[in-house]
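Asker: The following block contains a protein sequence and its predicted model.
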Amino acid sequence: MLRQASLRLISRSVAAGSSKSATTRALSTEVPSTTIDSTFVESWKKVAPNMDPPQTPSAYMKPRPTTASSIPTKLTVNFVLPYASELSGKEVDMVIIPATTGQMGVLPGHVPTIAELKPGIMSVHEGTDIKKYFVSSGFAFLHANSVADIIAVEAVPLENIDASQVQKGLAEFTQKLAAASTDLEKAEAQIGVEVHSAMNAALSG
Amino acid sequence: MASSAAVPFWRAAGMTYITYSNICANLVRKCLKEPFKAESINREKVHFSLSKWADGKPQKPVLRSDAPEV
């Protein structure tokens, strides 16, 4: 479905150079649909029997990954940052992600979830190998086919964090929180306190 | 009807998620050891020029550069 759409786009951009016709776009009836909502179609036909029911966005979407019949043995992790792809299609046993609801252990066959991440440690477990990163914030998308897409704005190995700067920052922001007046100042100071406490805990834990 | 979900404190203070996320990332970057700190500050440098338009003409542009924080 998407392949057809991109082919038509390419042919349209080529054709647009030569002909200015607007009919090079595929009609909605020509694109096959995988999911049709029968109740909607029936009520549509009652109201407008001579018009074809319109397609809905879900008809153009690729179907979501399905749950495998038997739980896979490995979890495929894609861990990306804005500037680098830290892990790409890596097969691991487990990842523990710092979700806002607490440390979440993800095993193969995990129920599909979207989790917002808080500043904290993310650990990737492969056999006896454990790799830890401190994640500033981001999201984790766990799909039904045991693929985990974890996106973070900033993620650093724990060894790269300077403990003395963390202590200094924590003291600074605790003071700012006490002295803050407006809501925004309080929020910024609170964020500072949370991030530095998380880094502190990560370094000492 | 009251709000359905408990909003995070930064949302209640009028901050968007993007702002919150960028503040968190900047704080983490500030606490790195050298040379990682210098690398990350370098990576996040921005340079852009913004000009408002009036009467079909661009006004004096505002230049933003080398400022990783908003």
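Answerer: Good, I have the coordinates. Residues are numbered from 1 along each chain as shown, chains lettered A, B, ... in the order given.

Asker: Show me which helix runs longest in the chain.
Answerer: Using chain A here. Longest helix of chain A, by residue count under DSSP state H: helix A:183-204.

Asker: um, chain B though
Answerer: helix B:17-30.

Asker: Quick check: what element follows it along the chain?
Answerer: Using DSSP states H and E, the next helix or strand after helix B:17-30 towards the C-terminus is helix B:36-43.

Asker: hmm, that following helix touching chain A?
Answerer: Yes: Helix B:36-43 reaches chain A (C-beta under 8 Å from any C-beta of the partner chain) through B:36-37, B:40, B:43. For every residue, glycine as well, the C-beta is placed using N, CA and C.

Asker: Flag every residue of chain A that's near chain B.
Answerer: A:83, A:119, A:134, A:136-138, A:153-154, A:156, A:160-162, A:165-166, A:169, A:183-184, A:186-188, A:190-192, A:195-196, A:199.

Asker: Buried only: go through these for me.
Answerer: Neighbour counting with 16 or more other C-beta atoms under 10 Å in any protein chain shown marks A:119, A:134, A:136-138, A:153-154, A:156, A:160-162, A:165-166, A:169, A:186-188, A:190-192, A:195-196, A:199 as buried within the residues of chain A next to chain B.

Asker: quick one: low-confidence parts of chain A?
Answerer: Applying pLDDT under 70 to chain A flags the ranges A:1-35.

Asker: just so I have it, where are all the strands in it?
Answerer: Ranges of strands within chain A are A:75-80, A:85-92, A:94-99, A:102-106, A:113-117, A:120-126, A:129-135, A:138-142, A:147-152, A:155-157, based on DSSP state E.

Asker: Write out the residues of chain B neighbouring chain A.
Answerer: So chain B meets chain A at B:9-10, B:12-15, B:20-25, B:27-33, B:36-37, B:40, B:43 (C-beta under 8 Å from any C-beta).

Asker: do that again at 6 Å, thanks
Answerer: B:9-10, B:13, B:15, B:21, B:23-25, B:27-28, B:31-33, B:36, B:43 (C-beta under 6 Å from any C-beta of the partner chain).

Asker: For the nearest residue to B:Lys37 once chain neighbours are set aside, report the pLDDT, please.
Answerer: Sequence neighbours aside, B:Arg29 is the residue nearest to B:Lys37 in space, at 6.8 Å (criterion: C-beta to C-beta, 6 or more residues apart in numbering or on different chains). Confidence at B:Arg29, expressed as pLDDT, is 93.
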